[in-house]
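Trainee: I need the structure of the sequence given here:
(2 chains)
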Amino acid sequence: MKNPGPTGNRMTRRKLLRASLIGGAGVAGAAALAGCGETQIVEVEKEVVVEKVVTQVVEKIVEVTAAAEMKPELRSANLRFQLWYPTPVPALKNIADLLNQKYPQLKVEVEAPGDYWTKLQTAIAGGAAPDSWWMNNVNVWAWANKGALEDLTPYVKKDMQVGDDLEQTWKTSVDYYGTFQGKFWGLPSMYTTVALTYNEEMVTEAGIPPLREIEQEWTWDDLLEIGLKLTKKDGDETTQFGFHSTNGIETGWLNWVRSAGGDFIDEDNRKSIINSPEAIEAFQYLADFRLKHGASASPAVLESANTGQLFFSRRLAIVPEGSWRLANNAKNQEFAWDIVEMPSHPRTGMRGGTTNICGMAMNPATEYKDETWEWLKFNLGAEAQNILATTNTLNPVRESSGKLYFDPAVAGGPPNRQALFRARDYTRALPADPYATWGELVKAWVDWERKIFTGELTVEEGLAGMQMQEQELLDSTAP
Amino acid sequence: MSVAGRALKTFVDLGIGSRTRRENLEGWLWASPWIIGFVIFTAGPMVASVYLSLTDYPLLQGPTFNGIDNYKQLFTDELILQSLKVTTIYSFVSIPLHLVIGFLIALLLNQRVRGLSMWRVVYYLPAVVSGVAVAFLWQWILNADFGLANWLLSLIGIDGPSWLIDPNWALSALIVMSLWGVGGGMLIYLAGLQGIPTSLYEAAEIDGANFWQKFWIITIPMMSPVLFFLLVIGIIGALQTFTQAYIITNGGPDDATLFFMLHLYRNAFQYLKMGYAAAMAWVLFAYIMILTLLVFRSSSLWVYYEGDFKGRG
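Mentor: Model prediction:
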């Protein structure tokens, strides 16, 4: 079965709408002209009402026409879609219901099983995988290389609607799903950005202005000064941590390395460049917060409480967090908090950012490819993307929906929510490799990172080891 | 004779249809649910894993034969050695501890003490709690700051270590934690202790034997089959340890708790090397078999079976 595409002679939605509006305006104009002898107000009201009715009718016709022209060929299907992250499930179920209203023959079951990746891989091997699933940019290339994803390029090429949608989508996200080997391996749906979350009450108490007010000009040096000012100690023991500096790769060191001008893997994704002077500077800056100043929580403290718990129990003032935390953090009404962009590096003047881009991929073995394509495509449309925005789910990739999502008036606090949108300007994706899996990449750095941040190794020693191990991995996995 | 007649004669000649044969068939029939399950879910996958161990199988696409490459790679994988080391140390320390502590508790619970049933339940109860729940529970007990373990140590003036985040202590922590399940062995010991004929102790008492003499000369030899059983089961179980390391330490810190099974799991599902993981599984199987055979071979030296008159005149 083929997906119907727009044809040259067919009455398109836009043409029909334009023709009908002209007709509607004519009717309304005639009605206004016919209203002689009555008051002007009544005539104007009539005009508005007529226009409104005409518009509603036209929109209805357009909807019905659009549905009728596109979908009768779709088979009846109960599709399964899986993702690893439960937060978007309600929004996605909502989207699935809308799809079902539009095409009653399509039902989509949205699931977020625990141990997602293991189960999905096993299900793929066993031929029992869902029709479509969530991928992220750190896995999509390796999975595409292994033939686990349907090549969506033919669908994208023949479906003008999705072409329009992709043009209105954040370009970085399209690049990750649409440029590897020159093909589309999924449609982007959501992404993350990183900023610093801070306790505004603690900041004010310390005599510091709200950080959003100094956001444009603040640098690493300012953060160090503020972080130390916000650190409180009782003897040797830190009772309030000023800044959490050791937060893994995505919300931690990679942002600082990038801000200093370095990165983890080179642009060709084949060379580890983590042992650079820029990275050494960044790691040293972060390690000092913990090891030299006691301003960042130790592993022993983090064994008892994660950074979110430390922050909301008022034991931590500033913590780097991803946008996925917004929905959960919004539940906190205990104290005033806000977010602020990462500070810029004093020398490079750059800020650093990291994103993980989530997309929807199709199972190449699904028996309902056209139907699954409708589901994937629907999620990129304005209707679905706006649902992600207004339900405060996660950054939607569609630019117009993104504006809604980052608007505190629409999606709720914090006041400086736009900081996560501005972060896109300097954000780069998490490192990925077409051959090594994400699990292998993580394994190669995680022990070195721990040794650096516990002071077991100097930054230079640790990064030398990290670079060597990553390079060995990249060399060994290359074809 | 017709074909049907010849078939019937053959059937009768073979004894099929006789009572013995019928009983045999019934026996197989009753055992068939287990046999079918074994063939489908155990023997079949085992045979398949032999083949998979000779392939490059990234799980997301089909396997391709690569001979003994996976087995060769085992010798160059540094983490294989580390995971074997971790698993062996854990097994060689935890198994004797289990055997001794389980036995001591069983001896205590074999006495006539007040509330005996309650004590037996109390000591056995932890063994029925699921591994995952136990792992989470011990995560809190071993917490460096607020954990019960370090609080108890502080009462006697000891500043407890960071059990789960210090590479020097993490494996010890998991060994201590494994003792949580000592009740399982205790129950088997208890059954064994109650199976020792009291006449043996009575005869020894008449001969003037004291407590220790009765213990060494009657209890230990009579319990040796139970010890043997628990030792074999313990070796098989300990060498396949996975849950604690997966949930609590995730193999860290610094691979200090990288058990063989965890490394195998990562290769299969995180690094997409199912063929290599299958080869690892066979290496572990061989390791378990060798240790088990050694225990079996040595059993003639230290396991006493009643009615076994070998060596007697």
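Trainee: Chain A - how does it break down into domains?
Mentor: Using automatic domain parsing, the domain parsing of chain A gives A:15-59, A:77-192+A:356-397, A:194-355+A:427-477.
Trainee: Nearest to residue B:50 among those would be which one?
Mentor: Nearest to residue B:50 among the domains of chain A is domain A:77-192+A:356-397; the distance by CB to CB comes to 17.4 Å. In this view, the C-beta of every residue, glycine as well, is placed from N, C-alpha and C.
Trainee: Indicate whether the closest one makes contact with chain B.
Mentor: Yes. When contact is scored as CB under 8 Å from any CB of the partner chain, part of domain A:77-192+A:356-397 falls within range of chain B: A:117-118, A:121-122, A:124-125, A:142-143, A:146-148.
Trainee: Could you tell me which of those residues are located in helices?
Mentor: For the residues of domain A:77-192+A:356-397 next to chain B, membership in helices holds for A:117-118, A:121-122, A:124-125, A:142-143, with DSSP state H as the criterion.
Trainee: Show me which residues of the stretch 151-300 of chain A are close to chain B?
Mentor: Residues of the stretch 151-300 of chain A that fall close to chain B, judged by CB under 8 Å from any CB: A:299-300.
Trainee: Show me where the chain dips below the pLDDT cut-off.
Mentor: Going with chain A. Applying pLDDT under 70 to chain A flags the ranges A:1-72.
Trainee: that answer is for a different chain, and I need it for chain B
Mentor: Chain B contains residues with pLDDT under 70 at B:1-17, B:307-313.
Trainee: try 50 this time
Mentor: For chain B, applying pLDDT under 50 flags the ranges B:311-313.
Trainee: residues from it in reach of chain A?
Mentor: Contact residues of chain B with respect to chain A, defined by CB under 8 Å from any CB, are listed as B:58-61, B:143-146, B:162, B:164-165, B:252-255, B:266, B:269-272, B:274.
Trainee: Of these, keep whichever come out buried.
Mentor: Taking 16 or more other CB atoms under 10 Å in any protein chain shown as the criterion, what is buried in those is B:58-60, B:143-144, B:162, B:164-165, B:252-255, B:266, B:269-272, B:274.
Trainee: can you pull out the strands in the stretch 51-200 of chain B?
Mentor: Per DSSP state E, counting those that start in this stretch, the stretch 51-200 of chain B has strands spanning B:55-56, B:64-65. These are given in chain order.
Trainee: Does the last one pack against any helices or strands, and if so which?
Mentor: By that I understand strand B:64-65. Under the contact criterion of 3 or more CB pairs under 8 Å, 6 or more residues apart in numbering or on different chains; DSSP states H and E, strand B:64-65 touches strand B:55-56.
Trainee: Run me through the strand neighbours of the strand it packs on, direction for each.
Mentor: In its sheet, strand B:55-56 lies beside strand B:64-65 (antiparallel), with partners assigned from DSSP bridges.
Trainee: Please enumerate residues in contact with the partner strand?
Mentor: Strand B:64-65 is contacted by residues B:54-57 when judged by CB atoms under 8 Å, 6 or more residues apart in numbering or on different chains.
Trainee: try 6 Å
Mentor: Contacts of strand B:64-65 with the rest of the structure, by CB atoms under 6 Å, 6 or more residues apart in numbering or on different chains, involve B:55-56.
Trainee: for stretch A:257-273, same thing?
Mentor: For stretch A:257-273, contacts defined as CB under 6 Å, 6+ apart pick out A:254, A:274, A:276, A:278-279, A:281-282, A:345, A:348, A:350-352, A:431, A:433, A:467, A:470-471, A:474.
Trainee: Sitting in helices, which of the residues you listed do you find?
Mentor: If you go by DSSP H, these have A:254, A:278-279, A:281-282, A:467, A:470-471, A:474 in helices.
Trainee: Farthest pair within these?
Mentor: Taking CB to CB as the measure, the ones in helices among the contacts of stretch A:257-273 have their most distant pair in A:281 and A:474, spaced 23.6 Å apart.
Trainee: Would you point out which residue of chain A is nearest chain B?
Mentor: When you check chain A against chain B by CB to the nearest CB, the closest residue turns out to be residue A:439, at 3.1 Å.
Trainee: And the closest residue to residue A:332 other than its chain neighbours, how close does it get to residue A:206?
Mentor: Distances taken as CB to CB, 6 or more residues apart in numbering or on different chains put residue A:312 closest to residue A:332, at 5.6 Å, once the chain neighbours are dropped. When CB to CB, to the nearest Å is the yardstick, residue A:312 and residue A:206 sit 19 Å from each other.
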